[in-house]
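[1] Turn this into a structure:
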Amino acid sequence: GILSTGLQAIDFFHLLRKSGEDPANSLLGWFFTEEAKKLPGLAPENFLGISFERDAQFTPAEISVKELFPLVKTIALMLDQSRPMQPDDFRLTPKDTVDDLYDNVSFKSLCSALTDSGPAGPISKYLAELDAARMRLEANLPVGFGSQESDQAFAALFKIIPKAYYLGIWDAMPRCPAICDAQNARILLDHAGELKEQLIRCREESSSSFAAINAEPSLTGKNLFDKLSLIARQFCGEDILLLPRFRLPDQQGLKGTITDTTLTAGIGEFVLDEWVLGLSLVRDKIRRYQLNSNLRSAFETLAANRSFKIMQLPFIPGKVNSWIGAKFPEGFTPPDQVTSMAYECSIPLQVSQTISGIMLDEWTEKVPIQQVKTGVSINYDQTNAEAPQCLLLVVPAEMKGSWDWPSVVNAVLETMTLAKKRAVDSDLIQNTWMSQFLPAIVTPVDAKNNTPGLDFKSAGPQIKPTFPGGPIIVGPTTGTVVTR
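    All right, here's what the predicted structure looks like:
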């Protein structure tokens, strides 16, 4: 299983994403092969290979790796369209000064280890092991299909090369089959030499960057995280997902809104699901989230039953609060600059702990309220000989060379009718049967194909498919279907 390989979920996801839908010829193949060879009763020399396809031995509750690719693609697109979460996401007003809520201790320690050129550094240890295996294979190069000594030296180097993955090298899969012969031995030695050059170059380039960070003790918060991210990307590539860890601001207010039972008490059982469904129709990022939720339910993953919760700031203690995404109760007026957040956590959120996450989507909108106190000021001027402040530009429905009075009158009447239709507010039809059909898209219909519209039959080109019994000609020029 996946757990036996020691891979974390995020590592497994990235390896699947980079496998090009061919996991058998990627690092995943090596990870599973090494674990399969450890199975009791299986002789390594009898091992034939790894299959990631579904076969007859699978139970209905089991899923093959190949079947996970739709879910992997959806998660990848969702992550590509998102951004790392930051402390300002939990503030009503962004902070102008340097933020001291970032926890960069473990991240800085990791970058320090990667740039350590001493013998105790992880790169130095790996290179020492890699060099020893290289020299052993060079001293026992196979002739033909080799000997026992060359076979052992080849197998040792073949096993060490993929371990560069732990240092951020995603493409550390050996470039030759695990068959010891003279040609594969040369390919393996060249690959080991390239890995050594790549790791030394990354370490040298990042060491100067890390020294500059240490020389600037005032570098903290997000600025420090961004500098450390540059070092990490030198090893792992530009597409690596890096999420800062930070403490939450206004912990008292956040704790209050998380435990506030009045916030969503007045909404129905499925209102939150319907809210997300409605947003997924008009916001692409929410659509990705909805699709991901559907797929993890279909695959019955550990997060299949996970749902998002609502928090809202500012939290007003001692008062009844209402979620701004639902219909307000009678007499409720939301506070100014209110911010609502729908969040999903792998474990219950504790405001005193450091967190990290992704911001999937964000937008600002005005929420209408039923009653508002306002003042009205009217500037009235006596009618003057001035140009009109609005006009109706009428386009002739038929090109006849001249206007006629009925056409002008009908154009004005049609404009007034459409204005009344467009003035219908969504609240007026929300609780009626018409909400299933409205608002609708209204487009013109032009039989002569002079105006753009959605009548694809008349607007499209002639189609001449071949059917038994003779040709069928369908097109805007005939208006009929002729068969023979």
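
[2] Grab the nearest non-local neighbour of L68.
    Sequence neighbours aside, L16 is the residue nearest to L68 in space, at 6.7 Å (criterion: CB to CB, 6 or more residues apart in numbering). C-beta: built from backbone N, CA, C; applies to glycine.

[3] Pull up the gap between the one you found and L71, please.
    In this view, L16 and L71 are 9 Å apart by CB to CB, to the nearest Å.

[4] do the same with A155
    35 Å.

[5] What count of nearby residues applies to S322?
    By other CB atoms under 10 Å, the residues close to S322 number 21.

[6] Report the contact partners of it.
    S322 makes contact with 262-263, 266, 328-329, 332, 334, according to CB atoms under 8 Å, 6 or more residues apart in numbering.

[7] Just the buried residues of those.
    Using 16 or more other CB atoms under 10 Å as the burial test, the contacts of S322 include 263, 328, 334 as buried.

[8] Do I have it right that the last one meets I369?
    Read that as P334. Yes. If you go by CB atoms under 8 Å, P334 and I369 touch, sitting 7.3 Å apart.

[9] list the residues that contact both of the two?
    Residues touching both P334 and I369 by CB under 8 Å, 6+ apart: F328.

[10] Can you tell me the element the residue nearest to the spatial centre of the chain falls in?
    The C-alpha lying nearest the average C-alpha coordinate of the chain belongs to M78 (CA atoms, centre = their mean; 1.4 Å). Remark: M78 resides in helix 69-80, with elements defined by DSSP states H and E.

[11] Q152 too?
    Applying DSSP H and E, one finds Q152 within helix 148-160.

[12] Check I310 too.
    Judged by DSSP H and E, I310 forms part of strand 309-313.

[13] Helices of the stretch 51-200 of the chain, start to end?
    When secondary structure is read from DSSP state H, counting those that start in this stretch, the stretch 51-200 of the chain shows helices at 69-80, 105-114, 122-139, 148-160, 182-214.

[14] For W403, find the nearest of these.
    Between W403 and those, the tightest spacing by CB to CB is seen for helix 69-80, at 53.6 Å.

[15] what's the closest one in contact with?
    13, 16-17, 21, 241, 285, 288-289, 291-292, 295-296, 299, 301, 358, 360.

[16] show me where the stretch 301-450 of the chain has strands.
    309-313, 339-343, 358-359 (DSSP state E, counting those that start in this stretch).

[17] Reformat the ones you listed into a markdown table and put mean pLDDT, mean neighbour count and distance to A56 next to each item.
    Output for the strands of the stretch 301-450 of the chain, formatted as a markdown table (pLDDT from 0 to 100; neighbours: other CB atoms under 10 Å; distance: least, CB to CB, whole Å):
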| stretch | mean pLDDT | mean neighbour count | distance to A56 |
| --- | --- | --- | --- |
| strand 309-313 | 90 | 20 | 42 |
| strand 339-343 | 90 | 17 | 42 |
| strand 358-359 | 92 | 14 | 39 |
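
[18] so which of those gets nearest K163?
    strand 358-359 (29.4 Å).

[19] can you pull the contacts of F32?
    Neighbouring residues of F32 by CB under 8 Å, 6+ apart: 5, 50.

[20] ok so, going back, filter the contacts of helix 69-80 down to the ones in helices?
    Secondary structure from DSSP state H places 13, 16-17, 285, 288-289, 291-292, 295-296 of the contacts of helix 69-80 in helices.

[21] and which of the residues you listed is nearest to F107?
    For those, the nearest to F107 is F13 (20.1 Å; CB to CB).

[22] Can you get me a residue count around that closest one?
    With other CB under 10 Å as criterion, F13 counts 18.

[23] Now do the same contact list for it.
    Residues in contact with F13, defined by CB under 8 Å, 6+ apart, are 72, 75.

[24] how close does it sit to V65?
    Using CB to CB, we find F13 at a distance of 12 Å from V65.

[25] Let's see the pLDDT reported for the residue nearest to E138 when sequence neighbours are not counted.
    In space, and not counting its chain neighbours, E138 is closest to L189: 6.6 Å by CB to CB, 6+ apart. You'll see L189 listed with a pLDDT of 95.

[26] who's in contact with L189?
    Contact analysis of L189 by CB under 8 Å, 6+ apart lists 134, 137-138, 157.
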